[in-house]
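Asks: Just need the structure, nothing else, for what follows:
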Amino acid sequence: MGLTALHAFLRRHRRIALDTSVFIYQVEANARYVELTDSVFAWLNRPDCTAVTSTITMTELLVPAYRSGAEQQVNDFYALLSIYPNLDWIAPSLEIADIAARIRAAHRLRTPDALQAATAMHAQATGLITNDPVFERVEGLEALVLDRKLPRAT
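Replies: The predicted structure follows:
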């Protein structure tokens, strides 16, 4: 069910946005999600497919490594995340900040989430892969929530 739904989602979009959780699951090889994230990153290697994420993602990824003094893990993140030529890392600009403020006001998202959604919209991504259902409230952006695509644990 999960891979079929994910592949259908990816077929509908030529440019997607990726939330931080997708990177965390991939880097950690999270057993629950890695089959889905492997498919996302394989899709991203196709020449006709692109993805975006905010540089906020890197901030969120690096905090635990810096807290624990794991410099090698920091280096591993940079090495892994820089190998995807079809992944654009977009820093917040005044325009993105304005879009984020509008999203935050309309949908009551936290600032980092509003910045992720605003980055996606600014970059003309039409879909966003996440594990946070809050993004389903954002109009004009189809959110795929990974947990909703997996079988329920018994």
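Asks: what's stretch 29-49 in contact with?
Replies: Outside stretch 29-49, the residues within contact range by Cβ atoms under 8 Å, 6 or more residues apart in numbering are 2-3, 6-7, 10, 14-16, 18, 22, 24-26, 50-51, 84, 86-87, 129, 131, 146, 149-150. Every residue, glycine included, has its C-beta placed from N, CA and C.
Asks: by contact count, what packs against the helix or strand Asn75 falls within?
Replies: Taking DSSP states H and E as the definition, Asn75 sits inside helix 71-81. Applying 3 or more Cβ pairs under 8 Å, 6 or more residues apart in numbering; DSSP states H and E, we find helix 71-81 packed against helix 20-27, helix 56-67.
Asks: Tell me which of those sits most buried.
Replies: Among the helices and strands packed on helix 71-81, judged by mean count of other Cβ atoms under 10 Å, the one packed with the most neighbours on average is helix 20-27 (a mean of 20).
Asks: circling back: in ChimeraX, how would I select the buried members of the contacts of stretch 29-49?
Replies: ChimeraX command restricting the contacts of stretch 29-49 to the buried ones, with burial defined by 16 or more other Cβ atoms under 10 Å:
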select :2,6,10,15,16,18,22,24,25,26,50,51,87,129,131,146,149,150
